[in-house]
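1. the following block contains a protein sequence and its predicted model.
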Amino acid sequence: MNPKLALAGAGEVSGAIDPLQSWWMPFTHNRRFKAQPRLIESAAGAYYTLAGNQRVFDCLSGMWCTPLGHAHPGIVRAVSDQVQRLDYSPGFQLGHQPAFELAARIAALAGRPADRVFFVNSGSEAVDTALKIAIGYHRVRGEATRTRVIGRERGYHGVGLGGLSVGGIGVNRKMFAPMMMPGVDHLPHTYSPQHMRFSRGQPLWGAHLAEDLERLVALHDASTIAAVIVEPVQGSTGVIVPPRGYLERLREICSKHGILLIFDEVITGFGRLGKPFAAQYFGVQPDLTTFAKAVTNGVVPMGGVVARGEIYDAFMNGPEHVIEFFHGYTYSGHPLAVAAAHASLDAMIDQRLIERAAELAGVLEDAVHTLRDEPHVADIRNLGLAAAVELEPLAGQPGARGQRVFARGLDEGILLRVSGDIIALAPPFISTEDEVRAMIESLRRTLRAIAAD
Ligand SMILES: Cc1ncc(COP(=O)(O)O)c(C=O)c1O
């Protein structure tokens with residue numbers, strides 16, 4: 001018995017509690033995991049060390065959140081110093097200077113220094129906050145009928161009830177159907193294997209799919225629609241890259257009808273496409289941007305929403321004795337997260353890591369497309385330092401082939417993330433060109449090995 005469990009009285013409840021049973025794990029096959037646990041011991045740079053001293057390459061930068069590599073010395077130092085100076089600071093009616101400075105830095109990095117930043121603790125909270133800002137904005141301007149929000153099929157916007165409602169992944173939604181926000185509609189997703197299999201970068205086909213927003217406006221009337229939310233690149237459902245012209249057209253239609261455009265940049269924010277934000281990469285500016293993950297290099301949870309200055313100003317018109325926005329979290333602007341974020345931004349700038357991501361993007365693109373003729377490969381797509389390899393599912397068992405690739409990949413020294421039968425790749429920005437190529441060669445061996453099994 002672990003002595004700490006005994007101290008907590010666990011030993012008295014049952015002589016033999018297996019601590020592995022106690023954690024109800026997120027988005028995990030709990031019974032399978034507990035029958036065959038895979039434990040991570042430590043991490044440094046672009047590698048994890050698993051139990052048994054096995055070293056594996058971090059093919060998805062954590063869960064898209066550790067692009068600067070693990071145990072980055074600057075971040076470790078900043079967080080250790082901060083915890084000794086100010087470990088917690090209430091964020092309601094009080095503030096600490098570095099949080100204000102971080103907000104200004106993030107707005108400047110987004111190329112929009114007049115914007116305002118609201119801090120939260122995760123991507124899910126960022127999405128729900130952005131939806132509330134959008135609906136509140138129209139209300140404070142006297143357009144309280146604009147309450148409808150439009151998401152997109154295959155979108156992932158976290159697991160809050162707002163994010164689930166605008167999200168477009170059936171399995172995530174069906175158990176909670178009665179709890180969904182009312183008045184939500186969805187645009188079609190933009191993935192069409194027939195028109196875009198094996199595209200390098202943005203597919204040429206599909207800009208017309210944005211016209212569906214006009215259809216929804218005609219159906220519901222613009223006066224009922226507050227916002228449209230999309231991931232510029234759909235990450236969690238397998239790196240679905242927007243067709244050329246699609247985001248531009250969404251922007252035009254939103255502007256025409258007074259609808260706010262929200263970019264969920266939880267994955268694309270902080271350099272994944274080789275620019276600070278996807279908005280800069282595509283040259284399309286949203287009204288609200290959500291971020292999380294890489295802002296602190298995953299070291300301390302943090303998320304946020306960047307809002308256009310006019311949106312903030314609209315909230316500031318009421319009487320001064322009334323709080324302008326009844327929303328916030330105990331840990332909004334947490335000093336440790338703020339310290340980790342400043343240190344991450346310092347590293348991105350001093351080590352030119354966003355530029356580095358842009359340089360590695362071409363290496364990844366060339367390498368990943370060499371997998372085209374490997375067994376069961378149905379599609380390969382990429383943008384920036386992100387790619388997906390989609391496999392044909394095993395007959396009658398969707399996801400089973402993906403699971404086999406994941407397990408076999410560990411033997412080949414790569415920690416992969418699979419969603420269903422899609423393998424997503426987003427290596428750390430600190431990777432070398434050789435490491436990116438080696439990752440693809442390990443994946444090649446993995447695909448051949450499972451085909452031969
Ligand atoms: C685009 C997007 N939005 C929101 C989220 C939710 O973030 P979190 O898991 O931090 O709540 C994710 C997570 O992967 C995401 O990819």
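-> Sure thing, it's come through.
2. up against the ligand, what does the stretch 151-300 of the chain have?
-> Residues of the stretch 151-300 of the chain lying close to the ligand (Cβ under 6 Å from any ligand atom) are Tyr156, His157, Gly158, Glu231, Gly235, Ser236, Asp264, Val266, Ile267, Ala292. From N, CA and C alone the C-beta is placed, and that goes for glycine too.
3. count of residues packed around the fourth one?
-> As a burial measure, the neighbour count of Glu231 was computed by other Cβ atoms under 10 Å and equals 26.
4. one more: the last one?
-> Counted by other Cβ under 10 Å, the residues lying close to Ala292 total 29.
5. so it makes contact with Gly123?
-> Yes - Ala292 lies in contact with Gly123 (Cβ atoms under 8 Å); the separation is 3.8 Å.
6. for Gly318, give me its contacts.
-> Gly318 makes contact with Val140, Glu324 under the criterion Cβ atoms under 8 Å, 6 or more residues apart in numbering.
7. what's the helix or strand for it?
-> Gly318 is part of no helix or strand, with elements assigned from DSSP states H and E.
8. from Phe325, how far off is it?
-> Separation of Gly318 from Phe325 (Cβ to Cβ, to the nearest Å) stands at 10 Å.
9. swap in Leu247?
-> Distance, Leu247 to Phe325, using Cβ to Cβ: 28 Å.
10. for Gly183, same thing?
-> Distance, Gly183 to Phe325, using Cβ to Cβ: 21 Å.
11. again, but for Arg401
-> Counting by Cβ to Cβ - Arg401 and Phe325 are separated by 47 Å.
12. which one's more surrounded, these two?
-> Comparing Arg401 with Phe325 by neighbour count (other Cβ under 10 Å), the higher total belongs to Arg401, at 22 against 15.
13. just confirm the more buried one contacts Ala395, I think it does.
-> No - Arg401 is beyond contact range of Ala395, at 10.0 Å (criterion: Cβ under 8 Å).
14. still on that earlier bit, between Ala292 and Gly123, what contacts are shared?
-> Common neighbours of Ala292 and Gly123, using Cβ under 8 Å, 6+ apart, are Val266, Gly303.
15. all the helices of the stretch 351-453 of the chain, residue numbers only.
-> Using DSSP state H, counting those that start in this stretch, the helices found in the stretch 351-453 of the chain span residues 353-368, 400-411, 433-452.
16. nearest to His334, out of those helices?
-> Proximity of the helices of the stretch 351-453 of the chain to His334 was assessed by Cβ to Cβ; the nearest stretch is helix 353-368, lying at 23.6 Å.
17. what's next to the closest one, contact-wise?
-> For helix 353-368, contacts defined as Cβ under 8 Å, 6+ apart pick out 67-68, 200-201, 270-276, 347-348, 380, 382-387, 389, 425, 427, 429-431, 433, 436-437, 439-440.
18. burial of Asp379, as a residue count?
-> Here the count is done by other Cβ under 10 Å, and Asp379 has 18 residues near it.
19. now swap in Ser223 and tell me
-> Per other Cβ under 10 Å, the neighbour tally for Ser223 reads 13.
20. any idea how far it lies from Gly258?
-> In this structure, Ser223 and Gly258 are 9 Å apart, going by Cβ to Cβ.
21. and the residue in the stretch 1-150 of the chain positioned nearest to the ligand, how many neighbours?
-> Nearest residue of the stretch 1-150 of the chain to the ligand, counting by Cβ to the nearest ligand atom: Gly123, 2.2 Å away. By other Cβ under 10 Å, 30 other residues sit near Gly123.
22. where does Phe325 fall, phi/psi-wise?
-> Dihedral pair for Phe325: phi -140, psi 110, per degrees, to the nearest 10.
23. from Ala307, how far out is it?
-> Per Cβ to Cβ, Phe325 is found 10 Å from Ala307.
24. what do the two both touch?
-> By Cβ under 8 Å, 6+ apart, Phe325 and Ala307 have these common neighbours: Ile133.
25. surely His72 touches Asn297?
-> Yes - between His72 and Asn297 there is a contact under Cβ under 8 Å: 6.2 Å.
26. those two: which is more packed in?
-> Asn297 (27 against 22).
27. now for Phe326, how many residues are close by?
-> When neighbours are counted by other Cβ under 10 Å, Phe326 registers 8.
28. mind pulling the model confidence for it?
-> pLDDT recorded at Phe326 is 97.
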